[in-house]
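Visitor: Take this sequence and fold it.
(chains A and B)
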Number of protein chains: 2
Amino acid sequence: MDKQQLIDCHERIKPFIHNTPVLTSRLINKIAGTHLYFKCENFQRMGAFKMRGAANAIMQLTDAQKQNGVVTHSSGNFAQALSLSAQSLGVKAYIVMPSSAPQVKKEAVKSYGGILIECEPNLEARELASEQIVEKYGATFIHPSNDDQVILGQGTACKELLELHPDLDFVVTPVGGGGLIAGCALSAHYFGNHCKTIGGEPFEVDDAYRSLKSGKIETNTTTNTIADGLKTQLGDKNFPIIQKHVDEIIRVTEEEIIEAMRLIWERLKIVCEPSSAVALAAVLKKKNKFKDKKVGIVISGGNVDLSHLPF
Amino acid sequence: MDKQQLIDCHERIKPFIHNTPVLTSRLINKIAGTHLYFKCENFQRMGAFKMRGAANAIMQLTDAQKQNGVVTHSSGNFAQALSLSAQSLGVKAYIVMPSSAPQVKKEAVKSYGGILIECEPNLEARELASEQIVEKYGATFIHPSNDDQVILGQGTACKELLELHPDLDFVVTPVGGGGLIAGCALSAHYFGNHCKTIGGEPFEVDDAYRSLKSGKIETNTTTNTIADGLKTQLGDKNFPIIQKHVDEIIRVTEEEIIEAMRLIWERLKIVCEPSSAVALAAVLKKKNKFKDKKVGIVISGGNVDLSHLPF
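Guide: Have a look, this model is predicted:
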């Protein structure tokens, strides 16, 4: 994917997304020993960066494809992002979700106009249900992270950050399915001034870290992390980009994630997801690497259940 | 106090405060049936609007007064605001706090350079300790809310809001000691276009509501509210302003405060104090009054103990 594709993508989705604010905190800078710029995608529409990729993916469909709608399986932010993007663009969105998903997430999808399809809570059932929608309605399947158009869309978060702060030394994002970090790594490569891309990942689901070591896509056998957006694995579209353009993946403990999350809530006064805090936790983990540098951090989202906080 | 004093005050304190952002939420607008503009003083330096009044009060002292320092008694945001303002201006700040105050608040004052003076946890002890500081060091006592310079400073929050949205029909603030609402009412009067000022107050500490009814400053015999910033009463400097320029005070229940707070956290993705939520709760309480109007809401602060949330 080249520079012009990122520029075109950004122009295309601008009417459907917010150019989210960038916040700073003197106190967090003091603690981290560096200069941090928090790109607040928790203030994005539907509360997460996923809106960018979802909007771009739908906009790149042909008119015939748009008429038949889109489908994805997700119980997270991408379900809401695809629903809201589709609604904004007058397209039907079928969302396959495990029946065990929290009621609040089901309601959120429906509130954004998504058509909810419930299935058994396992990957096979989700994939089967998605395939059935594709066959029945001719809908186009859109993967939450392993899709070129999704990757381009997510990369616009980093592009906006670099437009405000062109001289960042690093951009740090959490690593889940790999769409965000791959897109941001492309933007850092094309729009940055020697800006390196770093990933933050929980030790408990360190598949991306291990994938970079082994050279092939690794999986997680257990997913005992509070960062529920990061349990997924990389895909064949984003992994090569990550291999080429990501400098390092830094792993953090659950305690470090919660500590970073508390710091963001207490000092930036914003509500972010545990997954978002992983990026700050990574910076705090390797202070020497980032000492006195200019570091962009993508706060990936803010959809969190206030009744189940780790504080 | 006249228009020019507010203008001068604003120019004076600008180097020491943030012009905080104004956020909106389509979903909260839909729920409220109106157009809401949230002035986010939780993003203010030290996390609350109090920074404005504290900075202005210190800046208006003579050089001789500045040399002897300032003193206040507060266990809340004004203690931190006076400490940080004084530090920024190279002035000593003596902060009288009850020994029973949470350790985290004592640490916050010290981290901003304030000199902590502990006393017995009652009003008499606090006033006596303050008087002793005045006598001993020649320090100037600055009241957290009943001081003309403090009132002017707090009013700049509403002035900034009206600079962005000059055609607001209403501005709504929480009512505690009366400094914020008095200052904002002055700004609404001088800079608004028929903009009315409304207060939100918990039923549990409805002294301001009763004061407006009776025509004299009323007190609270009990203060069982989650909105811990609103337990104080009005003073002789701000009460006449409130009588003249505040249109109405709307009382809300504790449940309504918590519900509004949850809405702000979940939908605006920001961390605010329970006291801040009282203003939104007031709007939701009287939807007919605000229907389809343009309403500014001052989110007064974001210093909240994450270990003791009401959710």
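Visitor: Mind checking the pLDDT average for the strand or helix carrying A:A277?
Guide: Assigned by DSSP states H and E, A:A277 belongs to helix A:274-285. Averaging pLDDT along helix A:274-285 yields 98.
Visitor: same for it, what does it pack against?
Guide: The helices and strands touching helix A:274-285, judged by 3 or more Cβ pairs under 8 Å, 6 or more residues apart in numbering or on different chains; DSSP states H and E, are helix A:26-32, strand A:170-174, strand A:196-202, strand A:246-252, helix A:254-263, strand A:294-299. Yep, even glycine has a C-beta here, placed from its N, CA and C like the rest.
Visitor: And the next helix or strand past that helix?
Guide: Using DSSP H and E, the helix or strand that directly follows helix A:274-285 along the chain is helix A:287-290.
Visitor: Please identify the buried residues of the helix holding A:A277?
Guide: Using 16 or more other Cβ atoms under 10 Å in any protein chain shown as the test for burial, helix A:274-285 gives A:274-285.
Visitor: ok, and A:Y190, which helix or strand is that part of?
Guide: Using DSSP H and E, A:Y190 sits in helix A:179-191.
Visitor: who does that helix touch, helix- and strand-wise?
Guide: Using 3+ Cβ pairs under 8 Å, 6+ apart: helix A:179-191 touches helix A:3-13, helix A:148-164, strand A:170-174, strand A:196-202, helix A:238-245.
Visitor: one step back: with chain B as the reference, name the closest of the helices and strands packed on helix A:274-285.
Guide: Closest to chain B of those is helix A:254-263 (Cβ to the nearest Cβ; 6.2 Å).
Visitor: buried stuff in that closest one?
Guide: A:254, A:256-263.
Visitor: Counting by contacts, list what it packs against.
Guide: Counting by 3+ Cβ pairs under 8 Å, 6+ apart, helix A:254-263 packs on helix A:274-285.
Visitor: now the helix it packs on and strand A:246-252, what's the angle there?
Guide: In terms of direction (axes from the mean of the first three to the mean of the last three Cα atoms, to 10 degrees), helix A:274-285 departs from strand A:246-252 by 100 degrees.
Visitor: any idea how far helix A:274-285 is from the chain center?
Guide: How far helix A:274-285 lies from its chain's middle: 14 Å, per Cα atoms, centre = their mean, to the nearest Å.
Visitor: which residues does A:F170 bridge with?
Guide: Note on A:F170: beta-bridge partners A:K196, A:V295, judged by DSSP bridges.
Visitor: Looking at the stretch 101-250 of chain A, what residue ends up closest to chain B?
Guide: Residue of the stretch 101-250 of chain A nearest chain B, by Cβ to the nearest Cβ: A:S111 (8.6 Å).
Visitor: Rebuild the helices and strands packed on helix A:274-285 as TSV, extending it with mean pLDDT.
Guide: Formatted as TSV, the helices and strands packed on helix A:274-285 follow (pLDDT from 0 to 100):
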stretch	mean pLDDT
helix A:26-32	96
strand A:170-174	98
strand A:196-202	98
strand A:246-252	98
helix A:254-263	98
strand A:294-299	98
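Visitor: Need the pLDDT of A:N122.
Guide: For A:N122, the predicted pLDDT is 86.
Visitor: Can you report how many residues neighbour the nearest residue to it once chain neighbours are set aside?
Guide: Of all residues not flanking A:N122 in the chain, A:P98 sits nearest, at 7.6 Å (Cβ to Cβ, 6 or more residues apart in numbering or on different chains). Residues lying near A:P98 (other Cβ atoms under 10 Å in any protein chain shown) number 18.
Visitor: how close does A:P98 get to A:S74?
Guide: 10 Å (Cβ to Cβ, to the nearest Å).
Visitor: ok, now A:A157?
Guide: Distance of A:A157 to A:S74, computed by Cβ to Cβ: 19 Å.
Visitor: Also A:T232?
Guide: Applying Cβ to Cβ, the value for A:T232 to A:S74 is 9 Å.
Visitor: likewise A:T253?
Guide: Distance, A:T253 to A:S74, using Cβ to Cβ: 27 Å.
Visitor: Neighbour count for those two, which is higher?
Guide: Neighbour comparison, A:T253 and A:S74: the larger count goes to A:S74, with 26 against 14 (by other Cβ under 10 Å).
Visitor: Helix, strand, or coil at the residue nearest to the more buried one when sequence neighbours are not counted?
Guide: Closest residue in space to A:S74, ignoring its immediate chain neighbours: A:P144 at 5.2 Å, by Cβ to Cβ, 6+ apart. Secondary structure assignment for A:P144 (DSSP: H, G, I helix; E, B strand; the rest coil): coil.
Visitor: who touches A:P144 in this structure?
Guide: Residues counted as contacts of A:P144 (Cβ atoms under 8 Å, 6 or more residues apart in numbering or on different chains) are A:50, A:53, A:72, A:74, A:76, A:78, A:150, A:177, A:179, A:232.
Visitor: Over to A:K92?
Guide: Residues counted as contacts of A:K92 (Cβ under 8 Å, 6+ apart) are A:68-70, A:86, A:115, A:137, A:139.
Visitor: Next, format the residues you listed as JSON lines and append neighbour count, distance to B:D63 and pLDDT.
Guide: Below are these laid out as JSON lines (neighbours: other Cβ atoms under 10 Å in any protein chain shown; distance: Cβ to Cβ, whole Å; pLDDT from 0 to 100):
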{"residue": "A:N68", "neighbour count": "17", "distance to B:D63": "76", "pLDDT": "98"}
{"residue": "A:G69", "neighbour count": "20", "distance to B:D63": "72", "pLDDT": "98"}
{"residue": "A:V70", "neighbour count": "28", "distance to B:D63": "68", "pLDDT": "98"}
{"residue": "A:A86", "neighbour count": "27", "distance to B:D63": "65", "pLDDT": "98"}
{"residue": "A:I115", "neighbour count": "18", "distance to B:D63": "70", "pLDDT": "97"}
{"residue": "A:Y137", "neighbour count": "15", "distance to B:D63": "77", "pLDDT": "97"}
{"residue": "A:A139", "neighbour count": "22", "distance to B:D63": "74", "pLDDT": "98"}
